[in-house]
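Asker: task: produce atomic coordinates for the following.
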Amino acid sequence: MSGPDRPRPGAIAWTDLTVPHAAKIRDFYAEVVGWRPEPVEMGGYADFNMVPPGAEDPVAGICHARGFNADLPPQWLLYVVVEDADAAAERCRQAGGEVVVRPRDLAGGRFCVIRDPAGAVCALYALPPEDGDAGKAGDTAGEGA
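Answerer: Now for the predicted structure:
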């Protein structure tokens, strides 16, 4: 995503829920709020993007607590955009917070999950670089988590 639609630092860019039984929870939200699930292939299983009635774009994800997501907490998780996920994780530690999931690659960018001093949890996400932004945050394809 680029241009005026690209979320700016501080914006909430995504929300998802990671649980052991994603299909059951997918069906729950489809019934209760009318979201239409769209499978997202994860290599042997599917997570789900959830699309509101009458819409084309998803507003949330429901994910299985396995593989890449095995260590995420089972709660609705907000993804807040930051310039640099690694630097933001360090600032979290310095400010008295905890890094629950250390920074790692995600969708061309980097993310981590933090817990603030009050105990609330959120994800911090550095978007992939825009065309021509080589070398900026998120340009770490292939690094280990």
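
Asker: and for the longest helix along the chain, what's in contact with it?
Answerer: Longest helix of the chain, by residue count under DSSP state H: helix 22-33. Helix 22-33 has contacts (CB atoms under 8 Å, 6 or more residues apart in numbering) with 17, 19, 35-37, 47-48, 50, 52, 62-65. (Glycine included, C-beta is placed from N, CA and C.)

Asker: how about it: buried residues?
Answerer: Ala22, Ile25, Arg26, Tyr29, Ala30 (16 or more other CB atoms under 10 Å).

Asker: CA atoms of stretch 89-96 as CSV?
Answerer: Written as CSV, here are the backbone C-alpha positions of stretch 89-96 (Å, rounded to 0.1, in the frame of the first residue of the first chain):
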residue,chain,number,x,y,z
ALA,A,89,10.1,-2.6,21.0
GLU,A,90,13.2,-1.2,22.6
ARG,A,91,11.4,2.0,23.6
CYS,A,92,8.6,-0.2,25.1
ARG,A,93,11.2,-2.0,27.3
GLN,A,94,12.7,1.4,28.4
ALA,A,95,9.3,2.8,29.2
GLY,A,96,8.5,-0.1,31.5
